[in-house]
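Chemist: just need the structure, nothing else, for what follows:
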Amino acid sequence: MGPPPPPPPLLLPRRDGALGRLLGGPPLGWQGSGWQAALLATSILVSSNLPIHSQEISILLEPSNLIEEGETISLTPQVSPDPFRDCRWLRGMELIMTHEAGQPLFVLGEAYSGREVMEQDCSLYISNATEDDSGTYTVIIDRDGASYARGDVDLLVAAKLSQAVLQPAKSIVEENGNVTLQCITSGSSVFTISWVKDGQPVPETEVLSNQSHKLMLRNITRDVAGSYTCVATNPFSNVASNPGQIIVTGGTFPSALDSPDWSGASWKSGDIVKIVAGTFSALLVICIGLMLLFFCLREMQTLEKRDAASCPCAICTAIGSASVL
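Modeler: The predicted structure follows:
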């Protein structure tokens, strides 16, 4: 029994809807629906017509698996230079291109962006890399229809971060309430977020949720009040946001033994009224006392001039006796 027949030509729809095209040639013109394209790709990859003897190979990715946006990447299969029947490159499950040995033309797939070039030795070059180029790259080399080599490698492309903005810039929340801060970044989609409060890292135990780059604090207490910033970091840059202020209101008024927070950030609105009312009452008592003292002194002077034997008030009598002594 001879070897199985060769696999059918690998043609997948491009982004423009066409099934594919040959370099230097016109589009093939066949239009297919999404499910037809997916069925075709799946049938090709898992078809019983694929070669039955496989070899796992490594791929040399240069300059590295992690590169900055804008660089040029080369992916070279580490395989013996034996003649091959065809070579195909995929990103994820999407075809980039296929090259048949001895032929000057290439079949392009939907993952082809116009920046990819395949050499005769099956090496793949990607110029001016973008974050969209990140993913798992797979090479499949069909040697003779009965054996093939396959390899995979992961690539991460990241751009420099340009800005981080914390929203809202000011949050006023009642004690035992909830507050959410969001860190909005630009320049790159590859980054991690960390949070800082009053210049110190926010403990992970206080971060109940960091999904979607949000800091969510629940059932907050007064010690949550302060200035917050978020820091976005990736392998090539890091940026800090504008500060965001959290003000906590509510709770009880601090006692005389407590150290007052003169910033007022943690007092409820009625506390200020209590302070003003208490101050006014104290001033009123002092004024009344001064007026009473002035009246008694005046009466004492009048009685001295008249040689009066008594004073109409006990306080004046005491003061007059003290002055005679």
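
Chemist: quick one, what contacts Val153?
Modeler: Counting by C-beta atoms under 8 Å, 6 or more residues apart in numbering, Val153 touches Ser58, Ile59, Leu61, Asn65, Leu75, Thr136, Tyr137. Where you see a C-beta, it was placed from the backbone N, CA and C, and this is true even at glycine.

Chemist: what about the second one, which helix or strand?
Modeler: Translated: Ile59. With elements taken from DSSP states H and E, the one containing Ile59 is strand 58-62.

Chemist: and the strand ranked longest in the chain with strand 58-62, angle?
Modeler: Criterion DSSP state E: the longest strand present in the chain is strand 147-158. Calculated by axes from the mean of the first three to the mean of the last three C-alpha atoms, to 10 degrees, strand 147-158 forms an angle of 30 degrees with strand 58-62.

Chemist: what residues sit buried inside strand 147-158?
Modeler: By neighbour count with 16 or more other C-beta atoms under 10 Å, strand 147-158 contains the buried residues Ser147, Tyr148, Ala149, Arg150, Gly151, Val153, Leu155, Val157, Ala158.

Chemist: ok, stretch 127-137 next?
Modeler: Ala129, Asp133, Ser134, Gly135, Tyr137.

Chemist: need the contact list for the nearest residue in space to Asn242 that is not next to it in sequence.
Modeler: Closest residue to Asn242 apart from its sequence neighbours, by C-beta to C-beta, 6 or more residues apart in numbering: Leu166 at 5.5 Å. Taking C-beta under 8 Å, 6+ apart, we find Leu166 in contact with Leu181, Gln182, Cys183, Ile184, Tyr228, Thr229, Cys230, Ser241, Asn242, Pro243, Gly244.

Chemist: if we use 6 Å, what do you get?
Modeler: Leu166 makes contact with Cys183, Cys230, Ser241, Asn242, Gly244 under the criterion C-beta atoms under 6 Å, 6 or more residues apart in numbering.

Chemist: where does the chain dip in pLDDT?
Modeler: 1-52, 81, 204-212, 251-273, 303-325 (pLDDT under 70).

Chemist: what about the longest helix in this structure?
Modeler: In the chain, ranked by residue count with DSSP state H as the criterion, the top helix is helix 269-306.

Chemist: show me what that helix is packed against.
Modeler: Contact here means 3 or more C-beta pairs under 6 Å, 6 or more residues apart in numbering; DSSP states H and E; on that basis helix 269-306 packs against helix 314-324.

Chemist: on that earlier part again, just the buried members of the contacts of Val153?
Modeler: Counted by 16+ other C-beta under 10 Å, these give Ile59, Leu61, Leu75, Tyr137 as buried.

Chemist: which two of those residues have the greatest separation?
Modeler: Using C-beta to C-beta, these span at most 7.9 Å, a distance reached by Leu61 and Tyr137.

Chemist: what do those two both touch?
Modeler: Joint contacts of Leu61 and Tyr137 (C-beta under 6 Å, 6+ apart) are Leu75, Val153.

Chemist: sheet partners, orientation included, of whichever strand or helix holds Trp89?
Modeler: For Trp89, the element it lies in under DSSP H and E is strand 86-91. Using DSSP bridges, strand 86-91 pairs in its sheet with strand 94-100 (antiparallel), strand 135-142 (antiparallel).

Chemist: so can I have JSON lines of those strands showing distance to Lys197?
Modeler: Formatted as JSON lines, the strands paired with strand 86-91 follow (distance: least, C-beta to C-beta, whole Å):
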{"stretch": "strand 94-100", "distance to Lys197": "44"}
{"stretch": "strand 135-142", "distance to Lys197": "37"}
